[in-house]
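J.: no sequence for this one, just the structure:
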Ligand SMILES: [Zn+2]
């Protein structure tokens, strides 16, 4: 049973639940194009390739990036200021959930074509069974 703590701010008269976001931080921010980071499929298909990963983890010093681009989490496509910040990020819930999301197969062009009935070597059954398992992003 999760405890929901209500904390009131007397001057504003507004009640706000703490722990309302389950560590899903910056959801609105992430949706903005200005701060858009790499998509999961880009990370999964490109960045996690061992040689790409090595290049990302040993980036040249970049003064425009946080921490001079020396502490980068490949899975989350995020720069950290210090080595400690990166290490504590690796232990965090946000990062672990990301690892889990990356284990699921990426949404590829082949899959979208299959969904649209354009599959080249389509071995679809003659009966019109639409695979409904696609798109069911189960949040555990
Ligand atoms: Zn991470």
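T.: That came through fine. In this text the structure is predicted, and so the values were computed from the model without any measurement. Numbering: from 1, shown residues only.
J.: just the strands in the chain please.
T.: 6-9, 14-17, 72-73, 78-79 (DSSP state E).
J.: The last one and the ion, any residue contact?
T.: It stands for strand 78-79. No: Strand 78-79 is not in contact with the ion by CB under 5 Å from the ion; minimum separation 6.2 Å. C-betas here are computed from N, CA, C, even on glycine.
J.: Residues of this protein that sit close to the ion?
T.: Counting by CB under 5 Å from the ion, the chain sits next to the ion at 73, 75, 76, 95.
J.: nearest to residue 61, of those?
T.: residue 73 (17.6 Å; CB to CB).
J.: That closest one contacts residue 87, correct?
T.: No: contact status for residue 73 versus residue 87: not in contact, 10.1 Å apart, counting by CB atoms under 8 Å.
J.: Show me which of those two is the more surrounded one.
T.: residue 73 (19 against 12; other CB atoms under 10 Å).
J.: Distance-wise, check the more buried one relative to residue 117.
T.: 38 Å (CB to CB, to the nearest Å).
J.: Could you do residue 63 as well?
T.: 50 Å.
J.: repeat for residue 39
T.: Taken as CB to CB, the span from residue 39 to residue 117 is 25 Å.
J.: How about residue 101?
T.: 28 Å.
J.: Neighbour count for these two, which is higher?
T.: Using other CB under 10 Å, the more surrounded residue of residue 101 and residue 117 is residue 101, with 14 against 10.
J.: Would you check that that one makes contact with residue 41?
T.: No: if you go by CB under 8 Å, residue 101 and residue 41 don't touch, sitting 10.7 Å apart.
J.: What's the local residue count around residue 74?
T.: 17.
J.: which ones are touching it?
T.: Contacts for residue 74 (CB atoms under 8 Å, 6 or more residues apart in numbering) come out as 43, 47, 48, 53, 56, 57.
J.: sorry, back to before: now flag whichever of the residues of the chain next to the ion is closest to residue 112.
T.: residue 75 (23.7 Å).
J.: Look up the pLDDT of that closest one for me, please.
T.: We have a pLDDT of 93 for residue 75.
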